[in-house]
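Participant: Give me coordinates for this.
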Amino acid sequence: MDLGLAGRVALVTGASRGIGKAIAEVLSSEGMRVVVVARSADALARVAQSLATEAHAIAADLRAPQAPDDVVERAVERFGALDLLVNNAGATQRGDFLELTDELWQDGFALKFYGAMRACRAAWPHLRASGGAIVNIAGMGGRTGSAEFAIGGAVNAALMNLTKVLADRGVKEGVRVNAVNPGSTATERLQTRIRKLAAEQQLDEEEAARRMAQALGVARFGKPEEIARVVAFLASPRAAYCQGAVVDVDGGQTRTL
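Facilitator: Residues are numbered from 1 along each chain as shown. Here you go, the predicted model:
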């Protein structure tokens, strides 16, 4: 299905690997010109070079307060407009709540929440001019609390609320704002957890992955491209009536409303 995205401009953060890389690839395959952003300049350059359409890489640490403004400005300078912002950057520290320091909490919010908030603020005038869209990549931990995911759950919940707030404004100003909650997805980060479980329980990695999925109540882990396809749909005119939607793409792991 043609999503009607060809020729438009997307900015994707956290795009050097995993879900962000897959999002950039799928958007490019739909004909979008893509600005990819991450801290790792070398990995980011490889992603940009591999895309099917014109792409531009910007290495930046979005935890810095001025960085989102600079990135948006450079993206618009390069392509003349901005039609889509995908806030994907940010990973948070798992662990025992009593052992999570203030610094870890501050770092968790600095990138995934404040970086996204500032990017939305910087991009908003351009998206209003183009009738564009924002898709925030939050996470199922924001819906269902977990003892080992205190920081991530709090950050994701905040990002979902920000999605609703901006969607409310966007109704009046012509900007669509939605969010995606990925479940456990087969990225390098998940593979690290699988290897840790395999070592602890003296299992091969395939069996460790099977047991981890079973414990989470899902048939398998997701693929980054499965998340990316939902993002592309929400970004497209095909989803014109989606405003403030929070879409769980988690294999059924979230069982709450």
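Participant: From Ala147, how far out is the residue most central in space within the chain?
Facilitator: Geometric centre of the chain, nearest residue: Asn88, 2.4 Å, by C-alpha atoms, centre = their mean. Using C-beta to C-beta, to the nearest Å, we find Asn88 at a distance of 26 Å from Ala147. Placement of C-beta: from N, CA and C, glycine included.
Participant: right, and the residue nearest to the centre of the chain touches Thr13 too?
Facilitator: Yes - look at Asn88 against Thr13 with C-beta atoms under 8 Å: they come within range, at 5.4 Å.
Participant: Find residues that contact each of the two.
Facilitator: Gly20 (C-beta atoms under 8 Å, 6 or more residues apart in numbering).
Participant: circling back: in contact with the residue nearest to the centre of the chain, which residues?
Facilitator: Counting by C-beta under 8 Å, 6+ apart, Asn88 touches Val12, Thr13, Gly14, Ala15, Ile19, Gly20, Ile23, Ile137.
Participant: now do Ala186
Facilitator: By C-beta under 8 Å, 6+ apart, the contact set of Ala186 is Phe221, Gly222, Lys223, Pro224.
Participant: again, 10 Å this time
Facilitator: Contact analysis of Ala186 by C-beta atoms under 10 Å, 6 or more residues apart in numbering lists Gly18, Ile19, Ile194, Ala209, Arg220, Phe221, Gly222, Lys223, Pro224, Glu226.
Participant: Can I take it that the third one is in a strand?
Facilitator: Spelled out, that is Ile194. No - read with DSSP: H, G, I helix; E, B strand; the rest coil, Ile194 is helix and lies in no strand.
Participant: any idea how far it is from Ile227?
Facilitator: Distance from Ile194 to Ile227, by C-beta to C-beta: 18 Å.
Participant: More neighbours: which of these two?
Facilitator: Ile227 (27 against 22; other C-beta atoms under 10 Å).
Participant: isn't the more buried one right up against Lys21?
Facilitator: No - counting by C-beta atoms under 10 Å, Ile227 stays clear of Lys21, with 11.0 Å between them.
Participant: which residues do the two both contact?
Facilitator: Counting by C-beta under 10 Å, 6+ apart, the residues touching both Ile227 and Lys21 are Asn88, Thr187.
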